[in-house]
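Enquirer: Just the structure for this:
(4 chains)
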There are 2 protein chains.
Amino acid sequence: MLKISELGSRTGLSPHTIRFYEKHGLIKASERSESGYRYYNDSDVRRAEFVKTARNIGFSLDDIGQLLSIRVDKTAHSCQEVTDITRHKLDEVNAKIAELQSMQKTLQLLLDSCCGGPEQAIHCSIMEALEDGNVDASGAAKAHKTVLGKRAKS
Amino acid sequence: MLKISELGSRTGLSPHTIRFYEKHGLIKASERSESGYRYYNDSDVRRAEFVKTARNIGFSLDDIGQLLSIRVDKTAHSCQEVTDITRHKLDEVNAKIAELQSMQKTLQLLLDSCCGGPEQAIHCSIMEALEDGNVDASGAAKAHKTVLGKRAKS
DNA sequence: CTTGACCTTAGAGTTGGCTCTAAGCTTATA
DNA sequence: TATAAGCTTAGAGCCAACTCTAAGGTCAAG
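Expert: So this is what the prediction gives:
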């Protein structure tokens, strides 16, 4: 039986995050000591590792909740349910990639158009393009919010 | 001289968003009526359109602030400063694309491995992969947060 | 002169996934 | 026995870019 920080080092999740996941129904300690300490058994550990793996792939906590509920009774669920979740995630990812590639293209065009040197920006072609609005931003935007993800751990 | 909602329909920004940008120093009404109404002249409109264009490309509000401060005195700034901002954004975009492509690859592999049919999920290969953790999630993750951007307008 | 559309402000709420704080208990080590 | 490390909880804070609310003032049309 592991304490929370031990489960943490086993899975690479912080105790804070583990409690957070518990609050959201993803992970549970099957036992508590008299003083309230959480204790995790092998089954708990496996579940936590499942969560960690799914999270690393990029599934949302909500997705993971669905996958977990399939996991606890696989006979009551079909492969199709699993692929539906996976495909839906893939669709999201593909849409996001397309959006970012549009931004990429626009930014690259801007960079290609400008000398990038120490000259005064008076005739900077990037500034001109922004002023004139003649920028192909189709499909781009709505992206910046998302460009820097937060999760950067193992 | 345009009122705020007129500037809004001119630029595709909502009055709420225009006030929000004002609070963040991006847009300003050069005049106010006695009763406090904002009035925008041609120069204000051009600035707002600049902001809109830059935002559509995917620049953050902070980036846009920098670009605007270059814009107001181009002789005091160089092309290099402009390309630095642009290149930095492009680097972010490229990093994000790489991350998403890793997720994409993993998800596609999972999908390819599963029948996706009405069979019970007992032997579902996606579930097995998640259980065993033998999933190539290198470079993925830290992404889901960002997968669904918010901004979806013009 | 009233109706309704529009304007003002400060400030709160949204999203998702953490991340941290405060205040207090428990446990292990020296 | 004292100290430090680690545990508990509820709840606040963070990020970015909005988005909306409340409570009220303004203005043009009929």
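
Enquirer: quick check, the helix or strand containing A:Glu131 touching chain B?
Expert: Element membership for A:Glu131 (DSSP states H and E) is helix A:125-132. Yes: with Cβ under 8 Å from any Cβ of the partner chain as the criterion, chain B is reached by helix A:125-132 at A:Ile126, A:Met127, A:Leu130, A:Glu131. C-betas here are computed from N, CA, C, even on glycine.

Enquirer: pLDDT score for the spatially most central residue of chain A?
Expert: The centroid of chain A falls nearest to A:Gly58 when counting by Cα atoms, centre = their mean (4.2 Å). For A:Gly58, the model assigns a pLDDT of 95.

Enquirer: so where do the strands sit in chain A?
Expert: Along chain A, counting by DSSP state E, strands occupy A:31-32, A:38-39.

Enquirer: Would you point to the one among those strands that's packed deepest?
Expert: strand A:38-39 (a mean of 19; mean count of other Cβ atoms under 10 Å in any protein chain shown).

Enquirer: and that one, what does it pack onto?
Expert: strand A:31-32 (3 or more Cβ pairs under 8 Å, 6 or more residues apart in numbering or on different chains; DSSP states H and E).

Enquirer: all helices of chain A, in order?
Expert: A:4-11, A:15-23, A:42-57, A:61-72, A:79-113, A:125-132, A:144-147 (DSSP state H).

Enquirer: Looking at those, which is nearest to DNA strand D?
Expert: Of all those, helix A:4-11 sits nearest to DNA strand D, with 3.1 Å by Cβ to the nearest atom of the strand.

Enquirer: The closest one and DNA strand D in contact?
Expert: Yes: shown here: helix A:4-11 in contact with DNA strand D (Cβ under 7 Å from any atom of the strand) through A:Ile4, A:Ser5, A:Glu6.

Enquirer: now stretch A:41-56
Expert: No: Stretch A:41-56 stays clear of DNA strand D (Cβ under 7 Å from any atom of the strand), getting no nearer than 12.2 Å.

Enquirer: In that stretch, which residues are buried?
Expert: Of the residues in stretch A:41-56, A:Asp44, A:Val45, A:Arg47, A:Ala48, A:Glu49, A:Phe50, A:Val51, A:Lys52, A:Thr53, A:Ala54, A:Arg55, A:Asn56 count as buried by neighbour count, 16 or more other Cβ atoms under 10 Å in any protein chain shown.
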